[in-house]
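*Asks:* Sequence below, structure please.
(2 chains)
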2 protein chains.
Amino acid sequence: MAGKRVLTPQDEDFPRWYQDILNKAELAENGPVRGTMVIRPYGFALWERMQAEVDQRIKAAGADNAYFPLFIPEGYLSRESDHVEGFSPELAVVTQGGGRELAEPVVVRPTSETIINAYFSKWVQSHRDLPLLINQWANVVRWEMRPRIFLRTTEFLWQEGHTAHTTRQEARDYAARILREVYRDFMEAVLAIPVLVGYKTEAERFPGAINSMCLEAMMRDGKALQMGTSHELGQSFATMFDISYLDADGNQSLVWQTSWGVSSRMVGGLIMAHGDDRGLVVPPRLAPVQAVVVAVRDAEGVADACHRLAGELAAAGIRTKVDDRTGTGFGRRTTEWELKGVPIRVEIGPRDIEQGKAALAVRAGGDTEAVGLSEVPARVASLLDGIQQRIFDDATAWRDSRIADASTPAEVREATATGFARIPWAELGPEGEADLAADAVTVRCLQRPDGSLPQSGDEADLVAVCGRSY
Amino acid sequence: MAGKRVLTPQDEDFPRWYQDILNKAELAENGPVRGTMVIRPYGFALWERMQAEVDQRIKAAGADNAYFPLFIPEGYLSRESDHVEGFSPELAVVTQGGGRELAEPVVVRPTSETIINAYFSKWVQSHRDLPLLINQWANVVRWEMRPRIFLRTTEFLWQEGHTAHTTRQEARDYAARILREVYRDFMEAVLAIPVLVGYKTEAERFPGAINSMCLEAMMRDGKALQMGTSHELGQSFATMFDISYLDADGNQSLVWQTSWGVSSRMVGGLIMAHGDDRGLVVPPRLAPVQAVVVAVRDAEGVADACHRLAGELAAAGIRTKVDDRTGTGFGRRTTEWELKGVPIRVEIGPRDIEQGKAALAVRAGGDTEAVGLSEVPARVASLLDGIQQRIFDDATAWRDSRIADASTPAEVREATATGFARIPWAELGPEGEADLAADAVTVRCLQRPDGSLPQSGDEADLVAVCGRSY
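*Replies:* Numbers count the residues shown, from 1 in each chain, chains lettered A, B, ... in the order given. The predicted structure is shown next:
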């Protein structure tokens, strides 16, 4: 069936497709202040599910949640010179409070290293206070000149982890553990988005870090999206904020630190990694609604059957919603659930009830089947597992088909028109990197030839994965 | 056993007791910008549990979470005249962004009626879009001249619900439903804090509301804390932001609205409603840690037994932690868990293991008992239920003993030195109210003589509950 065109096709105009889906799936829209966004209930439900899954993994990695102030004295940021240089062009500054000019202006946090480390300095006294593992869920503000909803916004939502350790190796291992056990596991197992992991080059490092690890995903237009980062901060903040401890031998030492974060940008990644010309495709493990039970039309017993079945699905642990808005056409509602990417539609009409059946329609792939009413919960549960795996496999195969090996910058340029290029870092080097940057091609990460995470960005034989990025 | 004095006793200096407990139980401390606070992990864990319980009830009442920008154009606030008058003295204003002076300064949200209703105006078109029930968890900023951690801070965390309805009665009923089914149920059943419900007088109403309902609790110094509010906004915001819909008959009508919120101030309420001279008392249904298994000292098998038992407690659905820091003295650790108000300590030492027993110590009341190791999980579970009820009953009895009936303003003044006074509103009236205000005594709420919630603040025979408040 050739449906009505709901979205601008991806092939025709990918940025417009993205804008269309934000509107039509009721995900988010622009706020009144430039660069800010309003996250609508369905978009926020996606983010809430991400938060819950990431939070659970962060707690399992031993970090505790806390909350630090939105407002940071201007002087705090300047203590770390790379840090202030990196962030000062993006700051929002409060100069009036309570009807008066402030004696010292305050900055709206762009990230919280400075204010959190000021407290770490008070809380860390002895080696018994270490490691100190803190996470914060918060809004942050970075004034954005070219905003794009979810991807680059003046205000965004995120978590930021901040830790202090006794040794450099322990800090590095913890930053890598977060990257693997929290971020990669979440992105691959829940978001069904395959990610490349590696180190940032010096040019792309977080301001103030000695090493930045990252996770990079490919969107359906072949561009890269940085999905998260985990940094080794070394001892720069420890020095500036005097975070030191008495070790077991009675010596005073500085701590070694990390910081790491993922943000509401992941919602944009989810949209662009799996979406198609009919809308979002939400993997079941993330989906706020895994199955929607749709009443085909208003007829004797239909609404009752829908609610009864929804109750059984919910009892089987499936996140379920009923759509009995029979005042609105069935086709229009089908389009809406496709746009929202709900994994399975369970459709029940008068004829289905006569036959004791329901029609199951799977969003990813579009398969449909008729199933006896009593078998629906078991069938939906088993379909959901398969759908999760299928979405991940499809995304992986598609991405891998768009990664090319290159041996010269010219080949990198060519390959990155449609995807990623891999080139030995020894071949490219910082000069080749600077050269590519003129064409908006960047090194997304440095990784070992087998794709695994190195111990640092300085290992020999690293491969640079290059791409155009959001 | 006469323990070492850990906190300033409540009777000696209540505000200092409060300050001591914030520090010693590691709940929160002042931020660097005046009036801001750092919420430490244990304080934040209390808030996270509150959030989870309130959020679940809000969703059950049919509202969806969403997120609106932190920054509001200055012009938005002035559209509702009472609203801007109420909030403008407390605003924080951003005048610089991205390194430049802003053409129009932006306000850091003190509350989000204006920005949310600007979007309601776009989203509400037809009666089919109503009721529109939205909630937001967010930080808000109100410049605070006399800050006090958790109770009055320049930045605080809260949820704010915003709804639109077709009729005034439906809006009023929904505001009352939130007050009862979300807020009162949570406060009484989870926080174990008895609350008085009623209407605010006109003098105490939310700026822009036509009616404000509230929940008031008594702290251990006899003062009142407003724990939450639920407002009927009438049609003032609907008029200013043009929120109208086409009804079933094809007529254009304005919506009727509500807004409602509870905040991190409830953490202060929890501390002051139940705390004693040994520290916090956290009711089991709220407690992030319901039982802590404490290794008395380092000896063969002790740590193993603690971890084994903790596993059994966790398997029984009890939020459990192990304290095996035997490098720190047992007495010091006991003091710490008392300070943090953990409902039950399960203590295991070498002698306990020999006897196959553990010592259970209950924080509220201080009872201790020896229990066979295999019976510990069942015994802890049954104790927790009893503790929850006991804390609520004690708080209720104590509060009720400090509520006096008064018939003149002079009697109100006397009674409010140590608690609340009840006086017929017809006796007091707005003039008596203004008179009491000179002595910092306010009408906390207007309720029916039997304590129930009236249909409005205009009913005859209402009783004014008066007190000194935070």
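*Asks:* so who does the nearest residue to residue A:399 once chain neighbours are set aside touch?
*Replies:* Using Cβ to Cβ, 6 or more residues apart in numbering or on different chains and skipping residues adjacent in sequence, the residue nearest residue A:399 is residue A:218, 4.4 Å away. Just so you know, the C-beta spots here come from the backbone N, C-alpha and C atoms, and that holds for glycine as well. By Cβ atoms under 8 Å, 6 or more residues apart in numbering or on different chains, the contact set of residue A:218 is A:224-225, A:273, A:398-399, A:402-403, A:419-420, A:467.
*Asks:* Same list (the residues you listed) but as TSV, adding secondary structure.
*Replies:* Listed next are the contacts of residue A:218 as TSV, based on DSSP: H, G, I helix; E, B strand; the rest coil:
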residue	secondary structure
A:224	strand
A:225	strand
A:273	helix
A:398	helix
A:399	helix
A:402	coil
A:403	strand
A:419	coil
A:420	strand
A:467	strand
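*Asks:* Relative to chain B, how far out is the residue nearest to residue A:399?
*Replies:* Computed as Cβ to the nearest Cβ, to the nearest Å, the residue A:218 to chain B distance reads 27 Å.
*Asks:* Just the pLDDT for that residue.
*Replies:* For residue A:218, the pLDDT comes out at 98.
*Asks:* So which bits of stretch A:76-95 are buried?
*Replies:* A:76-77, A:79-80, A:83-84, A:86-88, A:90-95 (16 or more other Cβ atoms under 10 Å in any protein chain shown).
*Asks:* can you tell me which two in the residues you listed are farthest apart?
*Replies:* A:80 and A:95 (23.0 Å; Cβ to Cβ).
*Asks:* Got the phi and psi for the nearest residue to residue A:219 once chain neighbours are set aside?
*Replies:* Distances taken as Cβ to Cβ, 6+ apart put residue A:272 closest to residue A:219, at 3.9 Å, once the chain neighbours are dropped. Dihedral pair for residue A:272: phi -80, psi -10, per degrees, to the nearest 10.
*Asks:* Burial check on residue A:272, number of neighbours?
*Replies:* Burial of residue A:272 is recorded as 24 neighbouring residues (other Cβ atoms under 10 Å in any protein chain shown).
*Asks:* need the contact list for the spatially most central residue of chain A.
*Replies:* By Cα atoms, centre = their mean, the mean C-alpha position of chain A lies nearest to residue A:266, the distance being 2.3 Å. Listed by Cβ under 8 Å, 6+ apart, the contact partners of residue A:266 are A:50, A:187, A:191, A:227-228.
*Asks:* Of the residues you listed, which is the nearest to chain B?
*Replies:* Of all the contacts of residue A:266, chain B sits closest to residue A:50, with 13.0 Å by Cβ to the nearest Cβ.
*Asks:* Spell out the residue ranges of the helices in the stretch 351-470 of chain A.
*Replies:* A:376-400, A:409-415, A:425-437 (DSSP state H, counting those that start in this stretch).
*Asks:* Kindly reformat the ones you listed as JSON lines containing distance to residue B:64, mean pLDDT and mean neighbour count.
*Replies:* Formatted as JSON lines, those follow (distance: least, Cβ to Cβ, whole Å; pLDDT from 0 to 100; neighbours: other Cβ atoms under 10 Å in any protein chain shown):
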{"stretch": "helix A:376-400", "distance to residue B:64": "23", "mean pLDDT": "97", "mean neighbour count": "17"}
{"stretch": "helix A:409-415", "distance to residue B:64": "44", "mean pLDDT": "96", "mean neighbour count": "17"}
{"stretch": "helix A:425-437", "distance to residue B:64": "43", "mean pLDDT": "95", "mean neighbour count": "16"}
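*Asks:* and the one helix or strand in chain A whose mean pLDDT sits lowest, does that touch chain B?
*Replies:* Lowest on mean pLDDT, DSSP states H and E among the helices and strands of chain A sits helix A:81-87, with a mean of 78. No. Judged by Cβ under 8 Å from any Cβ of the partner chain, helix A:81-87 stays clear of chain B, getting no closer than 11.0 Å.
*Asks:* Keeping just the C-alphas, turn that helix into PDB.
*Replies:* What follows is helix A:81-87, C-alpha atoms only, in PDB (Å, rounded to 0.1, in the frame of the first residue of the first chain):
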ATOM      1  CA  SER A  81      43.300  28.000  32.000                       C
ATOM      2  CA  ASP A  82      42.400  25.500  29.200                       C
ATOM      3  CA  HIS A  83      39.000  25.000  30.700                       C
ATOM      4  CA  VAL A  84      38.100  28.700  30.800                       C
ATOM      5  CA  GLU A  85      39.500  29.200  27.300                       C
ATOM      6  CA  GLY A  86      37.300  26.400  26.000                       C
ATOM      7  CA  PHE A  87      34.100  27.500  27.700                       C
END
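*Asks:* how distant is the helix or strand that it is followed by from the center of its chain?
*Replies:* Counting by DSSP states H and E, the element after helix A:81-87 in chain order, helix or strand, is strand A:92-97. Here strand A:92-97 is found 30 Å from its chain centre; the criterion is Cα atoms, centre = their mean, to the nearest Å.
*Asks:* how much does the next helix or strand after strand A:92-97 deviate in direction from strand A:92-97?
*Replies:* Sequence-wise, the next helix or strand downstream of strand A:92-97 (DSSP H and E) is strand A:100-108. With axes from the mean of the first three to the mean of the last three Cα atoms, to 10 degrees applied, the angle from strand A:100-108 to strand A:92-97 works out at 160 degrees.
*Asks:* which parts of the next helix or strand after strand A:100-108 are buried?
*Replies:* Moving toward the C-terminus from strand A:100-108, the next helix or strand (DSSP H and E) is helix A:113-123. Neighbour-count burial for helix A:113-123 flags A:113-121 (criterion: 16+ other Cβ under 10 Å).
*Asks:* now the helices of the stretch 351-470 of chain A as TSV including distance to residue B:153?
*Replies:* Putting these into TSV (distance: least, Cβ to Cβ, whole Å) gives the following:
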stretch	distance to residue B:153
helix A:376-400	43
helix A:409-415	52
helix A:425-437	45
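*Asks:* okay, now the closest residue to residue A:16 other than its chain neighbours: neighbour count?
*Replies:* Distances taken as Cβ to Cβ, 6+ apart place residue A:8 nearest to residue A:16, at 4.3 Å, with adjacent residues excluded. Residues lying near residue A:8 (other Cβ under 10 Å) number 17.
*Asks:* now do residue A:439
*Replies:* The burial count for residue A:439: 13, using other Cβ under 10 Å.
*Asks:* doesn't residue A:412 make contact with it?
*Replies:* No. Using Cβ atoms under 8 Å, residue A:439 is not in contact with residue A:412, being 9.4 Å away.
*Asks:* Residue A:51 and residue A:158 touch, don't they?
*Replies:* No. At 9.9 Å, residue A:51 does not count as touching residue A:158 under the criterion of Cβ under 8 Å.
*Asks:* Identify the contacts common to those two.
*Replies:* residue A:137.
*Asks:* dump the residue contacts of the closest residue to residue A:83 other than its chain neighbours.
*Replies:* Closest residue to residue A:83 apart from its sequence neighbours, by Cβ to Cβ, 6+ apart: residue A:208 at 3.9 Å. Residues near residue A:208 by Cβ under 8 Å, 6+ apart: A:80, A:82-83, A:86, A:113, A:233, A:236-237.
*Asks:* Nothing else from me, thank you.
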